[in-house]
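# after the sequence you'll find the predicted model.
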Amino acid sequence: MMARSLLLLLVLLSCSFLADSATQKKKQKQKKRDFNTKLYVDICLSKKKLSSRRDHKALQWLLQTSGERSIASETAHQHKAACWMLHDDAKKSGVGKHFTQRYALAVLYHATQGDEHWGTKTNWMSGKSECQWYGVECDAWGNVVGLDLGFNDLNGLLPRELALLQKVQEVDFHGNDLQGVLPHIVMHAWKDCRILRLHMNGFFGALHTEIGLMKSLEELHLFGNYFGGALPTELANLKNLKVLDIYANAFEGNIPSELGNLKQLKELDVHDNFFVGNMPQEVCDRNLKFLVADCLDGAHKEIGCKCCTICCEGLPNMRCIDKKTGQAVIV
């Protein structure tokens, strides 16, 4: 009996040791690399060498945050933003909340060709508080909580540094010329984001499953892009979602029945995609106020939908009929 007890104790101790080791390894893996900043004092070639304690602390943070390659490469958006932060930003913030926010916004500015393309850029890249920059909204504590840069000629890719704006609640980038995908790390970070407007851009590829991590989302507007593939079932994790608009993309396959789990959903527009099959009964059971699909009888009917409020014919005709009135409507 005593031998069994000792054996059990040894097993428990061994498991505890392994768990502690795994935790320690995870911490070591997560620990950021310490850079010898003296090697990078002339990283901005046209500027004087960095010398102050503030400069070295800021440089350390920048290297750790965006990586050596991005900060050191003269053509990288992160390099341009870093050099502005280190040399030209009249605010001269120490590393902290405002430094972080200004850097994230500066990277966005360069990544979307602010100098060459933006229609309005009042106060951007100036010494004024970032809360006074055009389209930036802050709360009473100076946290960036909103970005409203719709129809402002942003051109390029959204940078991963937007993930540094962790308090953001509303983002509107619609009507620009943005391409690529929403970086995974951004979807991980924007847990407080309630409204995301990315419509009328050039985003493409799959809508990644990480979208399900943005659990505060109430409105998701993606129409008029090139998103494709299957619609991720992880959308069902967005329990606060009221509006989902994916009109005019290249999504395909069946509409997930899991969308029926969205009890707050009021509006769903899936027309002008490549869906097949029928609108799931689980979605119909929600009795949505506004439900649009390519369900109009005819040569281009894509899905069956007995509960849609508006049925469209799809490409090339783009004709939509209100099922209640029988009248043609524009959606």
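That came through fine. In this text, all values refer to a predicted model and were calculated from it rather than measured experimentally.
# neighbours of the residue lying closest to residue 306 once chain neighbours are set aside, how many?
Nearest residue to residue 306 in three dimensions, chain neighbours excluded: residue 284, at 6.7 Å (Cβ to Cβ, 6 or more residues apart in numbering). All C-beta spots, glycine's among them, are computed from the backbone N, C-alpha and C. By other Cβ atoms under 10 Å, the residues close to residue 284 number 16.
# which helix or strand lies directly C-terminal to the lowest-mean-pLDDT helix or strand in the chain?
Taking mean pLDDT, DSSP states H and E as the measure, the chain has helix 2-30 as its least confident helix or strand, at a mean of 44. Next along the chain after helix 2-30, taking DSSP states H and E as the criterion, comes helix 53-66.
# kindly export the helix or strand following that following helix (C-alpha atoms) in PDB.
Sequence order places helix 68-72 as the next helix or strand after helix 53-66, per DSSP H and E. Output of helix 68-72 as PDB, limited to C-alpha atoms (Å, rounded to 0.1, in the frame of the first residue of the first chain):
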ATOM      1  CA  GLU A  68      14.600  44.100 -37.000                       C
ATOM      2  CA  ARG A  69      14.000  43.500 -40.800                       C
ATOM      3  CA  SER A  70      11.000  45.900 -41.000                       C
ATOM      4  CA  ILE A  71      12.700  48.600 -38.900                       C
ATOM      5  CA  ALA A  72      16.000  48.400 -40.700                       C
END
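# helix 68-72 - contacts with which helices or strands?
In terms of contacts (3 or more Cβ pairs under 8 Å, 6 or more residues apart in numbering; DSSP states H and E), helix 68-72 is packed against helix 77-83.
# now what about the helix or strand just after the helix it packs on, what contacts it?
From helix 77-83 onward toward the C-terminus, using DSSP H and E, the following helix or strand is helix 97-111. With Cβ atoms under 8 Å, 6 or more residues apart in numbering as the test, helix 97-111 has contacts from 58, 61-62, 65-66, 77-78, 80-82, 84-85, 89, 91, 93, 114-115, 118, 121, 124-125, 129-130, 133, 136, 142-144, 156-159, 161-165.
# filter the residues you listed down to just the buried residues.
Among those, those buried by neighbour count (16 or more other Cβ atoms under 10 Å) are 58, 61-62, 65-66, 77-78, 80-82, 84-85, 89, 93, 114, 118, 121, 124-125, 129-130, 133, 136, 143-144, 156, 158-159, 161-165.
# for the stretch 151-300 of the chain, which segments count as strands?
Assigned by DSSP state E, counting those that start in this stretch, the strands in the stretch 151-300 of the chain fall at 155-157, 170-172, 177-180, 195-197, 202-206, 219-221, 226-230, 243-245, 250-254, 267-269, 274-276, 290-293.
# number of residues surrounding residue 244?
By other Cβ under 10 Å, 22 other residues sit near residue 244.
# any stretches of this structure with poor pLDDT?
When residues are selected by pLDDT under 70, those of the chain lie in 1-31.
# surely residue 228 meets residue 251?
Yes. Residue 228 is within contact range of residue 251, at 6.3 Å (criterion: Cβ atoms under 8 Å).
# and these two? Which one has more around it.
residue 251 (20 against 16).
# number of nearby residues for the closest residue to that one other than its chain neighbours?
Nearest residue to residue 251, sequence neighbours excluded (Cβ to Cβ, 6+ apart): residue 273, at 4.3 Å. Residues near residue 273, counting by other Cβ under 10 Å, number 25.
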